[in-house]
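Colleague: What follows is a predicted structure for the sequence shown.
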Protein chains: 2
Amino acid sequence: MKDLDIAEVSRRTGVPSSTLRYYEEKGLIASTGRRGLRRLFDPAVLERLALIALGRAGGFALDEISAMLMPDGLAKMDRGRLDAKADELDRTIQRLTTIREALRHAARCPAARPMECPTFRRAVRLAGAGRFEVAPIGSFKAEAVFVTRRKRKTGDIG
Amino acid sequence: MKDLDIAEVSRRTGVPSSTLRYYEEKGLIASTGRRGLRRLFDPAVLERLALIALGRAGGFALDEISAMLMPDGLAKMDRGRLDAKADELDRTIQRLTTIREALRHAARCPAARPMECPTFRRAVRLAGAGRFEVAPIGSFKAEAVFVTRRKRKTGDIG
DNA sequence: GCTTGACCTCAAGTCGGCTTGAACTCGTAG
DNA sequence: CTACGAGTTCAAGCCGACTTGAGGTCAAGC
């Protein structure tokens, strides 16, 4: 099958041509040539774009996706790294699940303030696992004890 | 208990003071006063920060969180909206789960290229449900048919 | 042959969520 | 009383993933 021109790729994928150019610039996809000025793409780019979309949906940065898409990128990515990624996703999923439950609960819980509801508090506690932890609350004297989550390259600011 | 000064809040929550000031500016938290120039906070701010962290973890924008934290914000948010949020999370969770599986599979699948593996292709297809769809692939002539996915602004999980 | 209009390039802008820098103000220790 | 250090303000910067705008080019249709 012939190469597709950028408009065609855009039409068939829903990805704006500006994005396609951007992806090309970043090395995520490659055009096979030009017709005049117009970029031409091998139809295989459609699959590649699907993979990119997949990665984005999974919360991966373009650079990471780029690495995985290199010839045998996924293959080269050792099992450890892939599993680490999967674990990362796993933790995210856990948190989101808890938050979802908290929301569903909040939707029908009669407590005046969410934090007065034990179910909600439990959700908060779970959702924060590994990030922060809300200690037992007496009547209404909250005490949130966060685990230091330094990560940003900065400490203090002037 | 006495009010906490900003450094104390920062220490106990791990949230940098620059962020605390930023949150105050955005109206997410309020300081109760000053000692000299220094902001003072009611200890309840710790709980509030926990909730904010929770919301952030759930992928909510600060503005949304802000709305939910208004006095009775959650209560005012009708069940429909809360459930909608939960559903949104649900879809995200589905996608992430599939992607996680795809990764785990890729970690040990022997296929030279991921797309040659039916399991992986299935994952791609599922992960994209509602966003794009990869049509049946004969031997190796991929054909990705995306559903138009106009509308930037979709909440990214982050 | 000329017009058209989609595509091209490059630079700059956008958005969210913060961070950082410069210049400044205090409460507190000495 | 003075110096210090940690706080303060305001404006600007940063990052990722794109989008937008201005000005230019060229294959195709008439």
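Modeller: Arrived safely.
Colleague: Regarding chain A, what is its longest helix?
Modeller: Ranked by residue count under DSSP state H, the longest helix found in chain A is helix A:79-108.
Colleague: For the one residue sitting closest to the centre of chain A, give me the backbone phi and psi.
Modeller: Nearest to the geometric centre of chain A sits A:G59, at 1.6 Å (CA atoms, centre = their mean). Note on A:G59: its backbone torsions stand at phi 80, psi 20 [degrees, to the nearest 10].
Colleague: per-domain residue ranges of chain A.
Modeller: A:4-75, A:78-146 (automatic domain parsing).
Colleague: how about the longest helix of chain A: buried residues?
Modeller: Within helix A:79-108, the residues scored as buried using 16 or more other CB atoms under 10 Å in any protein chain shown are A:82-83, A:85-86, A:89-90, A:92-93, A:95-107. C-beta coordinates here come from the backbone N, C-alpha and C atoms, glycine included.
Colleague: Surely A:R39 is within a helix?
Modeller: No: assessed by DSSP: H, G, I helix; E, B strand; the rest coil, A:R39 does not belong to a helix; its assignment is strand.
Colleague: Setting aside sequence neighbours, what's the nearest residue to it?
Modeller: Closest residue to A:R39 in three dimensions, ignoring its sequence neighbours and counting by CB to CB, 6 or more residues apart in numbering or on different chains: A:S31, at 4.0 Å.
Colleague: Could you do A:F120 as well?
Modeller: A:P114 (4.5 Å).
Colleague: now the helices: where do they sit in chain A?
Modeller: A:6-13, A:17-25, A:44-57, A:62-69, A:73-76, A:79-108, A:118-127.
Colleague: mean pLDDT for those: which is lowest?
Modeller: Note on these: helix A:73-76 shows the lowest mean pLDDT, a mean of 66.
Colleague: Residues of chain A that sit close to DNA strand D?
Modeller: A:16, A:18-19, A:21-22, A:35-37, A:56, A:61-63, A:156-158 (CB under 7 Å from any atom of the strand).
Colleague: For burial, what's the neighbour tally of the residue nearest to A:F120?
Modeller: A:P114 has 21 neighbours, counted by other CB atoms under 10 Å in any protein chain shown.
Colleague: thought it was touching A:L103?
Modeller: No: using CB atoms under 8 Å, A:P114 and A:L103 do not qualify as a contacting pair, with a distance of 10.1 Å.
Colleague: Quick check: the residue of chain A nearest DNA strand D.
Modeller: The minimum distance from chain A to DNA strand D, using CB to the nearest atom of the strand, falls at A:G36 (2.8 Å).
Colleague: For that residue, give its distance to A:I6.
Modeller: Going from A:G36 to A:I6 by CB to CB, to the nearest Å gives 12 Å.
Colleague: Those two: who's more crowded?
Modeller: The neighbour comparison of A:G36 against A:I6 (other CB under 10 Å) goes to A:I6, with 21 against 5.
Colleague: beta partners of the closest residue to the more buried one other than its chain neighbours?
Modeller: Closest residue in space to A:I6, ignoring its immediate chain neighbours: A:R39 at 4.6 Å, by CB to CB, 6+ apart. Beta-bridge pairing for A:R39 (DSSP bridges): A:R34.
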